[in-house]
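1. Turn this into a structure:
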Amino acid sequence: MLENPRSPRVRAVAKLTKRSARQETGLYLLEGPQAAREALSYRPDTLEELYATPSAWDKHQDIRTIAEAAGVEVQFASEAVLDAMADTVTPQGIVAVARQSPTAVRDIFEGDPKLVVICEEVRDPGNLGTIIRAADAVGADAVILTGRTVDPYNPKVVRATTGSLFHLPVAVGADLAETVERARRAGLRVLAADVGGEDFLAHRETLVEPTAWVFGNEARGLEPEAVALVDLSLKLPIYGRAESLNLATAASVCLYESAFAQRASR
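-> Numbers count the residues shown, from 1 in each chain. Modelled structure (predicted):
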């Protein structure tokens, strides 16, 4: 039982809330039973450490069963230790450390994808996590992060994905121009969601094609140079009096429209 919140082991886990520590170690933090459950179910090979309070381990019988089947051992710890490790105020009795496992961009496009998400300078962790979750929900083939997009292994991003981070390939640190060119060579039409774009409904029929969607920064959108790279930029209509749509909401609408169109054509 780990009981000292100031022990070197606990401090090493707690440091993973900082990007510098994640970059140095190649590890990241998972908090709560949902994240642990998804990691154990889909990527148990990436789990390095698993911590739980005895009461949480007794409560979540399904997680215990999955961990035993995957050969992952638990280290029991006190509530105070888990609180010291976690980024959240209440980690709900379970914390894990996993190894980062990004996918190479070339591997994504060698797999004959039909729907790919490209995030260019998305800075808000909640938005990025929600976009990854939406991409998973619509059955997208991958998410590619370019430019200065927030680290997908940021604890806030990981929480916002609610486990979807383990369900589909995610590439990091990609160059936008190179990614767009790879998408075209793979037979995808590259679209951008942009407030200066053309009417979404007027081009709805194009969504049946294999598509790579590009989503930009929350405040500035896509830079003109980025818009110039894509085949077509589209603007979602606003029928009410809202000033605009949240980035993650707009991305979700675009991705579902593509998913509906592609599935209807099969």
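
2. what's near enough to touch Ala14?
-> Ala14 sits next to 84-86 when contact means Cβ atoms under 8 Å, 6 or more residues apart in numbering. Glycine gets a C-beta too; all of them are placed from N, C-alpha and C.

3. In three-state terms, label Arg184 for me.
-> helix (DSSP: H, G, I helix; E, B strand; the rest coil).

4. residue ranges for the helices of the stretch 101-250 of the chain, please.
-> 105-109, 125-137, 155-161, 176-185, 224-229, 247-264 (DSSP state H, counting those that start in this stretch).

5. by contact count, what packs against the shortest one?
-> Here helix 105-109 touches strand 142-146, strand 170-174, helix 176-185, going by 3 or more Cβ pairs under 8 Å, 6 or more residues apart in numbering; DSSP states H and E.

6. Equivalent analysis for the second one, please.
-> The elements that helix 125-137 packs onto, with contact taken as 3+ Cβ pairs under 8 Å, 6+ apart, are strand 115-120, strand 142-146, helix 155-161, helix 247-264.

7. quick one: which of the helices of the stretch 101-250 of the chain is nearest Thr53?
-> Evaluated over the helices of the stretch 101-250 of the chain, closeness to Thr53 peaks at helix 155-161, with 19.1 Å, by Cβ to Cβ.

8. Show me which residues of that closest one are buried.
-> 155-161 (16 or more other Cβ atoms under 10 Å).

9. do the same with stretch 103-111
-> 103, 105, 108-109.

10. Most widely separated two among those?
-> Farthest apart among the buried residues of stretch 103-111 - using Cβ to Cβ - are Thr103 and Phe109, which lie 10.7 Å from each other.

11. how about Ala84, what does it touch?
-> Applying Cβ under 8 Å, 6+ apart, the residues contacting Ala84 are 5-6, 10-11, 14.

12. Find the nearest non-adjacent residue to it, please.
-> Leaving aside its sequence neighbours, Ala84 sits nearest to Pro5 (Cβ to Cβ, 6 or more residues apart in numbering; 3.7 Å).

13. How about the secondary structure of the one you found?
-> coil.

14. pretty sure it contacts Val81?
-> Yes: here Pro5 reaches Val81: they are 5.3 Å apart, a contact under Cβ atoms under 8 Å.

15. The two: which is more packed in?
-> Val81 (25 against 17; other Cβ atoms under 10 Å).

16. Next, count neighbours for the closest residue to the more buried one other than its chain neighbours.
-> Nearest residue to Val81, sequence neighbours excluded (Cβ to Cβ, 6+ apart): Leu2, at 4.9 Å. By the criterion of other Cβ under 10 Å, Leu2 has 18 neighbours.

17. shouldn't Leu2 be in contact with Tyr51?
-> Yes: using Cβ under 8 Å, Leu2 is in contact with Tyr51, at 7.2 Å.

18. overlap in contacts of these two?
-> By Cβ under 8 Å, 6+ apart, the residues touching both Leu2 and Tyr51 are 75-77, 81.

19. Most neighbours among the residues you listed, please name it.
-> Counting neighbours by other Cβ under 10 Å, the top entry in these is Ala77, with 27 neighbours.

20. List the contacts of the nearest residue in space to that one that is not next to it in sequence.
-> Counting by Cβ to Cβ, 6+ apart, Leu2 is the residue found nearest to Ala77 once chain neighbours are left out, at 4.0 Å. The neighbours of Leu2, taking Cβ under 8 Å, 6+ apart as the test, are 9-10, 51, 75-78, 81.

21. Alright, calling it a day.
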